[in-house]
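S.K.: Got a sequence here, can you build the structure:
(2 chains)
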Amino acid sequence: MIIAEIRGLQKNYKSTPALKNVTMDVKKGEVLGFIGPNGAGKSTTIRILLGIIKSSGGSAKIFGKDVWKDSIEIHKKLSYVPGDVNLWPNLTGGEIIDVFMRLQGTKNYARRDELIQKFQFDAKKKARTYSKGNRQKVALIAALASDAELYIFDEPTSGLDPLMEAVFQEEVENLKNQGKSILLSSHILSEVERLCDRVAIIRQGEVIETGTLDELRHLTRYQYKITTRHEPTGLKQVSGVHDLEIKGKEAVFQADSDQIEAILEAILPYHVIKLESVPPTLESLFMRHYTGK
Amino acid sequence: MNNLFNKTGMLFVHTLRRDWLKLLIWAAALSLFAGGFAASLYEMYGKDPAGLKAMYETMKNPAMIAMIGPTAATAETYTIGAMYAQEMLLFTALVFAIVSIMHVISRTRKEEDDGISELIRSFQVGRLANTTAIVLELFLLHVVIIALSVLLLQVQDVPGLNFSSNLVYSVSLGLQGFLWGMIALIFVQLAAGAGGARGLSFLTLGLFYVLRMATDMSTPDASWFNPLGWSYLVNAYVGDDWLPIVIAFAASIIFLVVSYILEHARDMGAGYLPERSGRDHAKDRLLTLPGLVIRLQKTFIISWIISIFITGAMYGSIFGDMDEFVSDNEMMKQMFLHNANYTIQEQFMSVLFVVLSLLTTIFIVGSLMKLINEEKKGHWDPLYATKLSRAKFYWYHVILSFILGLLGQFSAIVGLYLAQRSVMESPLSLWEITKAGMVWVPAIFFFIGILAVLIGWLPRFTIIIWGYLIFAFFNSYFGQMMDIPEFVLNLDIFSYIPKVPIEEWKWGTIIFIKLLALLLIVVGFVGYKKRDLVNE
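M.R.: Predicted structure coming up:
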């Protein structure tokens, strides 16, 4: 079942296009990672999904409803955490969490207190005294305590320390296990790798890749490190081997994933005594898309 | 269709909970401002018909009409009520308007700029709900103010001030506050941010004030097309006309609807007015601390200097009418010519500079305030982390505000000089006007001194300076009208300044106040150098 359906979404500011073609789906019970560099259009996409700004073309539906026209209906079952949380300086964190929960329509106070505990959040202080991480916690606690079907997180862990990041990841996994759907925009690729079932990559206002991490890995190269009894000079002639570096009896290279068989055949004659392979990280994927390496 | 107003009620309650203390203080202060002085005015003028008549003649002076607005009363109907309404309505309306504009923008566009609205709108909150909550809050505030003002006037039980007139007076004032809030709301939609919205709202307020100055003297009927005119045109205590009130209310609703339409059609965070894109790289002069400090205040400085110049010119432009007015009027002749050493213009000018100096003071207090406000926002942190010393920060700002004080006062002088030269047969000389204006400079500097001490020692309470400024304004404007105890009057630095040319230039006082200001600045510096930095 598709929770959010986004087709050919566009947004123009004056004459400059911010979004050219965003097409992706969030399916029920999955975490979709939404990655891309600064200014690629992640936040613009999310703001359109929230019905805060209006798209210039294409369509976006959540729960089968139009995100602009039916935003209130959608928001009843939606929860959002922005990357940069600003709060009313003269209210306490606890007060603000309660206001947010009321506006969202949730009354699960036990869950709220549990989260306050988990995030080690001091709810009694005025919001003006909070650091960035603590302001972030206010929005996170309110969002996680609410009973939604779709959670949208826009770089939610910016400003959180690694311990709190882990708490957040744990909570997202719980949500996933309960069958909730999550759209997670993030820069922290390890977080995306750990949490996301599928990934959508956006560049210059266009979603250029979507798929599971495994699918995406097919598009890219594994890294191999081998040690042999004889210097494996024959590798130089094998197609599908890139960035080859041979140091005596050790060789390091990138290999196209559909050429593994040929490569293995080529190195066998040199008597392999050690072989390490590293699957492509999201980071290398990311780099490849953006820097062309 | 989406419910555009979903959760308005909840947001309204939430806003009240956030603002209740502020609103309470305003309601008390504004209603006191509006209705609190009737009895003391009565004590001074009301008991003696001759006194009222004299006041009527004074108030018919074009200069007075330009400043505080006209009256529809004749010599016979110029009762204590008519006088109260004329003296109070327009000025109080201005205060109401300023408060409303500030509040509306800080609760709408400011929160949008800060990103709070984005989070709010991700809940099941209608697109127009927040705006509506603020409008309701503003309306409620003014209903309370109207009630309190009427109550205050009733309690004072001044003969001639009856309930229905008190009601007209208070409602017309309260509605001015609401009306200007709605006007600000339109600029909230048009401008690209809170700063722009504030600037445009105040510009509009200023323009309409100047406009009514012209129409009140030449074509009073044209003031009906002026939102500010809808205050004094009710002719409270004389004709008690409800029509301007109806117009003001209808206009408020129209403005509200217009801003709803504009808000609904725009993206959050966007405006309608174009934003210039800036330069790629900093100019060389931006790369020094004084250059940076001036650049940050550029728009602020230019707009204030121009505003002060225009105000000076406005006052100067009525000098020509005053001769005619006095010569037409036997009683005025006696009143003003009893001090035959000075022309009516000279006598009037000495009072004018109180107002102009207050304007300059607001200007430079605002400028020096940037030193502390930017610190609170953390904008200076990256600079404090460099080899720049605190001494430099402090002295550049203080010296800049000194220079701006002189510039501000001088632009008032030049504005006044140029305008009166074009309308008078035998105009005053630039030197004469300069003396009358520059004599106030020490008092203006004294404000810098007080603020410097606050910045150095009480950085969290710098807002006190505005309180002192309001007090000084109040003293200068109402001081003679009311029985204010001597020791209170003495707290106002402006009261020590000789009103040149009517009074003699006193070197002693002037130098003493200047030294005092300097001393305060040094005291402030000692505190500033050693205290912790603060942030909000």
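
S.K.: Wait, residue B:304 touches residue B:407, no?
M.R.: No. Assessed by C-beta atoms under 8 Å, residue B:304 is found out of contact with residue B:407, at 9.3 Å. The way it works is simple: take the backbone N, C-alpha and C, and place the C-beta from them, glycine included.

S.K.: Neighbour count for those two, which is higher?
M.R.: residue B:304 (22 against 17; other C-beta atoms under 10 Å in any protein chain shown).

S.K.: so what's the more buried one up against?
M.R.: B:363, B:366, B:404, B:408 (C-beta atoms under 8 Å, 6 or more residues apart in numbering or on different chains).

S.K.: Now with 7 Å, please.
M.R.: Each residue near residue B:304 by C-beta atoms under 7 Å, 6 or more residues apart in numbering or on different chains is listed here: B:363, B:408.

S.K.: Can you name the next helix or strand after the helix or strand harbouring it?
M.R.: For residue B:304, the host element (DSSP states H and E) is helix B:298-317. For helix B:298-317, the following helix or strand on the C-terminal side (DSSP H and E) is helix B:319-328.

S.K.: Mind listing what's buried along that next one?
M.R.: Along helix B:319-328, these residues count as buried under the neighbour rule (16 or more other C-beta atoms under 10 Å in any protein chain shown): B:319, B:320, B:321, B:322, B:323, B:325, B:326.

S.K.: Repeat that for stretch B:7-16.
M.R.: B:7, B:8, B:10, B:11, B:12, B:14, B:15.

S.K.: next one: stretch A:178-195
M.R.: Quick answer for stretch A:178-195 (16+ other C-beta under 10 Å): A:180-189, A:191-192, A:195.

S.K.: Packing partners of the helix or strand bottoming out on mean pLDDT in chain A?
M.R.: In chain A, no helix or strand scores lower on mean pLDDT, DSSP states H and E than helix A:282-291, which sits at a mean of 73. Here helix A:282-291 touches helix A:189-195, strand A:198-203, going by 3 or more C-beta pairs under 7 Å, 6 or more residues apart in numbering or on different chains; DSSP states H and E.

S.K.: contacting residues around the first one?
M.R.: The reference is to helix A:189-195. For helix A:189-195, using C-beta under 7 Å, 6+ apart, the contacting residues are A:31, A:33, A:35, A:157, A:169, A:172-173, A:184, A:186, A:199, A:213, A:282-283, A:286.

S.K.: For residue B:144, which non-adjacent residue is spatially closest?
M.R.: residue B:27 (4.9 Å; C-beta to C-beta, 6 or more residues apart in numbering or on different chains).

S.K.: what's the following helix or strand after the host helix or strand of that neighbour?
M.R.: Using DSSP H and E, residue B:27 sits in helix B:8-35. Downstream of helix B:8-35, the first helix or strand assigned by DSSP H and E is helix B:38-41.

S.K.: from the middle of its chain, how far away would that following helix be?
M.R.: Averaging C-alpha positions (C-alpha atoms, centre = their mean, to the nearest Å) puts helix B:38-41 23 Å from its chain's average.

S.K.: Could you point out the helix or strand that follows it?
M.R.: Criterion used, DSSP H and E; the element after helix B:38-41 is helix B:49-59.

S.K.: and the closest residue to residue B:116 other than its chain neighbours, how many neighbours?
M.R.: The spatial neighbour of residue B:116 that comes closest, neighbours along the chain excluded (C-beta to C-beta, 6+ apart), is residue A:86 at 5.1 Å. Residue A:86 has 17 neighbouring residues, counting by other C-beta under 10 Å.

S.K.: which bits of the stretch 201-350 of chain B sit near chain A?
M.R.: Residues of the stretch 201-350 of chain B found near chain A (C-beta under 7 Å from any C-beta of the partner chain) are B:267, B:268.

S.K.: Can you name the residue of the stretch 201-350 of chain B nearest to chain A?
M.R.: residue B:267 (3.9 Å; C-beta to the nearest C-beta).

S.K.: Alright, calling it a day.
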